[in-house]
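Next comes the sequence, and after it the predicted model I'd like to discuss.
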Amino acid sequence: MTEPQPPFQPSAQPQQPQQPQQPFQPQYQPQAPAPKSRRGPVLLGLVAGLVVGGGGVGLGWLFSSSSGDEGAQADAAAACDILDRTPEVDLDADLSGFFRLSAASALAAAAAEVDGAYEPVNGALREVGQYVQRRMDTESDDFVAALDAARAACSEL
């Protein structure tokens with residue numbers, strides 16, 4: 001039989017106190033400095049390009065534009081041309097006729113804004129457009145009368 005072993009007894013040698021553990025500190029290698037940003041010259045070039053381009057467009061508009069009266073005359077003539085190309089407006093088929101009348105009305109309004117002599121055309125075309133928007137009817141006698149009044153105003157130009 002084996003003899004029972006005595007309970008654990010600490011050794012008689014004194015234990016040395018444990019050193020506190022230091023966290024791991026990696027060794028860093030020095031790195032080359034980051035390259036300098038080149039945003040300044042790029043932004044300066046971009047701004048200069050925008051200024052030069054905008055100036056060129058502005059000069060082009062300045063030298064190619066006509067006087068206000070000539071522009072108003074052209075707008076009124078274009079409005080009447082659109083009205084001539086729109087013999088009928090059929091809202092059931094498509095909206096192209098309505099869009100043409102709206103475009104003619106907008107051009108007539110631009111012409112009347114510059115030169116009051118085009119106000120009769122503007123008023124007549126505005127009346128046609130408003131009639132369609134209010135009633136959504138392009139077959140009544142009132143609509144035909146408004147369209148004829150707009151054509152008569154255009155013929156007086």
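Arrived safely, thanks for sending.

For the rest of this, base every contact and every neighbour count on C-alpha atoms.
Will do.

Now do the same contact list for the residue nearest to residue 128 when sequence neighbours are not counted.
Sequence neighbours aside, residue 146 is the residue nearest to residue 128 in space, at 5.5 Å (criterion: C-alpha to C-alpha, 6 or more residues apart in numbering). Residue 146 makes contact with 124, 127, 128, according to C-alpha atoms under 8 Å, 6 or more residues apart in numbering.

Including neighbour count, could those go into CSV?
Converted to CSV, the contacts of residue 146 look like this (neighbours: other C-alpha atoms under 10 Å):
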residue, neighbour count
124, 21
127, 18
128, 24
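
Of the residues you listed, which belong to helices?
124, 127, 128 (DSSP state H).

if I read this right, the last one contacts residue 148, doesn't it?
In other words, residue 128. No: applying C-alpha atoms under 8 Å as the test, residue 128 and residue 148 come out as separate, 9.5 Å apart.

Show me the contact partners of stretch 98-118.
So stretch 98-118 is in contact with 68-69, 71-76, 78-80, 82-83, 86, 89, 91, 119, 121-122, 125-126, 128-129, 132, going by C-alpha under 8 Å, 6+ apart.

Lowest-scoring secondary structure element of the chain by mean pLDDT?
The helix or strand with the lowest mean pLDDT-type score in the chain, counting by mean pLDDT, DSSP states H and E, is helix 39-64 (a mean of 77).

what's the next secondary structure element after that one?
Downstream of helix 39-64, the next assigned helix or strand under DSSP states H and E is helix 68-84.

For that next one, which helices and strands make contact with it?
helix 96-114, helix 141-155 (3 or more C-alpha pairs under 8 Å, 6 or more residues apart in numbering; DSSP states H and E).

Output the last one as PDB, nothing but the C-alphas.
Once side chains and other backbone atoms are set aside, the C-alpha atoms of helix 141-155 remain, and they are given as PDB (Å, rounded to 0.1, in the frame of the first residue of the first chain):
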ATOM      1  CA  ASP A 141     -67.600  77.300 -80.800                       C
ATOM      2  CA  ASP A 142     -66.000  79.500 -78.100                       C
ATOM      3  CA  PHE A 143     -62.600  77.800 -78.500                       C
ATOM      4  CA  VAL A 144     -62.800  78.200 -82.300                       C
ATOM      5  CA  ALA A 145     -63.700  81.900 -81.900                       C
ATOM      6  CA  ALA A 146     -60.700  82.400 -79.500                       C
ATOM      7  CA  LEU A 147     -58.400  80.600 -82.000                       C
ATOM      8  CA  ASP A 148     -59.700  82.800 -84.800                       C
ATOM      9  CA  ALA A 149     -59.100  85.900 -82.700                       C
ATOM     10  CA  ALA A 150     -55.500  84.900 -82.100                       C
ATOM     11  CA  ARG A 151     -55.000  84.300 -85.900                       C
ATOM     12  CA  ALA A 152     -56.500  87.700 -86.600                       C
ATOM     13  CA  ALA A 153     -54.200  89.400 -84.100                       C
ATOM     14  CA  CYS A 154     -51.200  87.600 -85.800                       C
ATOM     15  CA  SER A 155     -52.400  88.800 -89.300                       C
END
